[in-house]
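S.K.: Sequence and predicted structure, then a few things I'm wondering about:
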Amino acid sequence: MPTNKIILFNPKSANSKHRIPNSILQVGASIHGKYDYVFVDGNLEENPWQTIKNYLNTGEFKYFGSTVMPGPQLRQAIPFTKKIKEQFPDVTTIWGGYFASNQYQVSLNSGYVDYVINGPGDNTFPELITAIESDNLEKIASIKNLIYKNENGEIIKTAVEALLDQDTLPKFPYEYLDTFYSVRKYLAKTFMGNQTLSYHSSMGCPFSCSFCAVVPIYNAKWKGMSASRIYEDVKYFKEKYNIDAIEFHDNNFFTSKKRVLEFSELIVNDNISYWGEGRIDTINMYSDEDLKLMRKAGCKMIFLGAETGNDVVLKQMNKGGTQTGQMIKDFVLRMKNADIIPELSFVLGMPAPTEKEVYDQILWDINFIKEIKQINPNAEIIIYLFSPVPTEGSDLYQQILAAGFSFPEQLEDWISPSWENFDLRKNPLTPWLKPYMIDTIKNFETVLNGYYPTVSDFRIAGYKKTILKTVSSLRYNTGIYHFPYEIKALHKLWKYRQPEIEGFYSE
Ligand code: B12
Ligand code: SF4
């Protein structure tokens, strides 16, 4: 009986209809056929701790690997990993994912996370397991993308590996996942289709926006699978599960125009809708013909980081590229003509020299958003509050530290309600953002979501939409946003789902 099995855990990330757990699938692919492992998906387990404990009680498991993104996933990742170290001290605990990579210090200082995978784990994870299994611990220092504490308690960050050719990576073990959780159940009904697949086709991003958590890990590097490699998987899902929609979870799916157009050509006759994330200045370089092809191929909506309409603040955010406020306006018009919905995310509450400047900028952006809505009423708006990320060496991060901001020093603090809200970019605990400013932003967001409910929550249609719009119209048109309780009550009644928190509404 082997005693070196591995648990790969995806902590619960949303309350309903869940996305296929790509992070642990990719890690599973890296050890498939080499080591025995099991998947535990916190989203689909009624009592995931009991499941993990049952596995560990068999005595066959020696490794616990968890993916960890900020926010609600920490609610299971932190206490479970802690309990494993207390109750099964011989088990090696390994964290990966965006929280682990960005907050590696607090993770390792907890004393119950043994190793952090810094960015991609495709080579790092199997190499780490092999080094431990073969008792070749000196090897560990030479494994790339790894962070751990040495015997003196010092944190060691090993070299960063160049991004791998994504086409050479092993295929995901979907069929093996299916033996634990029905893959079909992960294919959700969304506003795009009845069977929506979540897919991730590239690593990193070629830009270095100073507010973005991708930057400290990928350092402006990007590598994508080829269009034909993506299409192989799409065909597999089409044939086996009859999918009719895809959510691309890449940080920047539209980085390579050539790849997007090739992919669009490939799926043009498959009757599949798709959604992905991109940059305005990148896609603005696509021609009208390109946009037409994409739309024909099923591109229904694109998520775009608009961030702000103010060119000075765009510079402060180190947005790179060529985006300007005027370009955002021109672009949403182009998208209207192309019949693709632009889903624009704004980051409000950036630091500024004075309190007045911080607030004026918020009010300015609120007006800008309303202008955008006038140009293209179908444009979807996502509002985030600026939550700092630890980009060591960036000017913005220095500015933030100087303004008195610091991250929690105890891992458990991250699951306190205020830090969880910080993760959700809803209440960032940044000293320059005063409660009245947060109220203004949140109240405006409520009124906006009342006047223009997201199309992604397809339950809010017909009379519900009309009622919400009518109730919100006076506030939206006069700018009187405070205490919008009547709109909140309707949102609560109809369980309105904001896509930025749990993903698109799905059933
Ligand atoms: C899908 C997704 C979600 C889904 C959850 C999916 C699920 N697991 O059920 C939903 C929509 C619920 C979601 C929500 C949120 N998300 Co989210 N999400 C993503 C997204 C788009 C894809 C994740 C993914 O599957 N990646 C594909 C895999 C293959 O890549 P990967 O995770 O990086 O895995 C590799 C390595 O990191 C490493 N690795 C990862 N885990 C592990 C584990 C082990 C053991 C090992 C060895 C290695 C390893 O190896 C893998 C293979 O190389 C990412 C962006 C992205 N492109 O990754 C954002 C992202 C992770 N989310 C983010 C955020 C902030 C959130 C939210 C907290 C806030 C928000 N408003 O967006 C919410 C709330 C989270 C919650 N409810 O728990 C941020 C994190 C930023 C940060 N500050 O660190 C990201 C990076 C988006 C962004 N650019 O801002 N999210
Ligand atoms: S373009 Fe998007 S994903 Fe890339 S660094 Fe900027 S915000 Fe992050």
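M.R.: Structure's in. What do you need? Ligands and ions are numbered 1, 2, ... in the order given.
S.K.: number of nearby residues for the residue of the stretch 51-200 of the chain found nearest ligand 1?
M.R.: Nearest residue of the stretch 51-200 of the chain to ligand 1 (Cβ to the nearest ligand atom) works out as Gly96 at 2.2 Å. Where C-beta positions appear, they are placed from N, C-alpha and C, glycine not excepted. Other residues near Gly96 come to 26 when the count uses other Cβ atoms under 10 Å.
S.K.: show me the contacts for it.
M.R.: Residues in contact with Gly96 (Cβ atoms under 8 Å, 6 or more residues apart in numbering) are 23, 27, 65-68, 116-117, 121, 125.
S.K.: now those in a markdown table, with distance to ligand 1 and secondary structure?
M.R.: Output for the contacts of Gly96, formatted as a markdown table (distance: Cβ to the nearest ligand atom, whole Å; DSSP: H, G, I helix; E, B strand; the rest coil):
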| residue | distance to ligand 1 | secondary structure |
| --- | --- | --- |
| Ser23 | 3 | helix |
| Val27 | 4 | helix |
| Gly65 | 3 | strand |
| Ser66 | 6 | strand |
| Thr67 | 3 | strand |
| Val68 | 7 | coil |
| Val116 | 9 | strand |
| Ile117 | 4 | strand |
| Gly121 | 3 | coil |
| Phe125 | 4 | helix |
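S.K.: could you dump these to JSON lines with neighbour count and distance to Lys492?
M.R.: Formatted as JSON lines, the contacts of Gly96 follow (neighbours: other Cβ atoms under 10 Å; distance: Cβ to Cβ, whole Å):
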{"residue": "Ser23", "neighbour count": "20", "distance to Lys492": "32"}
{"residue": "Val27", "neighbour count": "29", "distance to Lys492": "38"}
{"residue": "Gly65", "neighbour count": "24", "distance to Lys492": "38"}
{"residue": "Ser66", "neighbour count": "29", "distance to Lys492": "33"}
{"residue": "Thr67", "neighbour count": "26", "distance to Lys492": "31"}
{"residue": "Val68", "neighbour count": "27", "distance to Lys492": "30"}
{"residue": "Val116", "neighbour count": "27", "distance to Lys492": "39"}
{"residue": "Ile117", "neighbour count": "24", "distance to Lys492": "39"}
{"residue": "Gly121", "neighbour count": "25", "distance to Lys492": "40"}
{"residue": "Phe125", "neighbour count": "27", "distance to Lys492": "42"}
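S.K.: Would you confirm that Leu490 contacts Thr466?
M.R.: No. Applying Cβ atoms under 8 Å, one finds Leu490 not in contact with Thr466, separated by 11.5 Å.
S.K.: out of those two, which sits in the busier spot?
M.R.: Taking other Cβ under 10 Å, Leu490 and Thr466 do not tie; Leu490 has more neighbours (20 against 10).
S.K.: And the pLDDT for that one?
M.R.: pLDDT for Leu490: 85.
S.K.: so which strand or helix has it?
M.R.: Using DSSP states H and E, Leu490 sits in helix 485-493.
S.K.: what about dumping the CA coordinates of that helix to PDB?
M.R.: Only the C-alpha atoms of helix 485-493 are listed here, as PDB (Å, rounded to 0.1, in the frame of the first residue of the first chain):
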ATOM      1  CA  TYR A 485     -32.500  50.700   0.600                       C
ATOM      2  CA  GLU A 486     -35.400  50.100  -1.800                       C
ATOM      3  CA  ILE A 487     -33.000  48.900  -4.500                       C
ATOM      4  CA  LYS A 488     -31.000  46.800  -2.100                       C
ATOM      5  CA  ALA A 489     -34.200  45.100  -0.900                       C
ATOM      6  CA  LEU A 490     -35.100  44.200  -4.500                       C
ATOM      7  CA  HIS A 491     -31.600  42.900  -5.100                       C
ATOM      8  CA  LYS A 492     -31.900  40.800  -2.000                       C
ATOM      9  CA  LEU A 493     -35.400  39.600  -2.900                       C
END
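S.K.: Which strands or helices does that helix pack on?
M.R.: Helices and strands touching helix 485-493, by 3 or more Cβ pairs under 8 Å, 6 or more residues apart in numbering; DSSP states H and E, are helix 435-451, helix 462-478.
S.K.: List the residues that contact Phe386.
M.R.: Contacts of Phe386 (Cβ under 8 Å, 6+ apart): 211, 347-351, 425, 428, 430, 433.
S.K.: What of Trp49?
M.R.: 76, 79-80, 83.
S.K.: switch the cut-off to 7 Å
M.R.: Residues in contact with Trp49 (Cβ atoms under 7 Å, 6 or more residues apart in numbering) are Phe80.
S.K.: any low-confidence regions in the stretch 51-200 of the chain?
M.R.: Low-confidence regions of the stretch 51-200 of the chain, defined here as pLDDT under 70, do not occur.
S.K.: what about 90?
M.R.: 70-72, 137, 188, 191 (pLDDT under 90).
S.K.: Fine, thanks again, bye for now.
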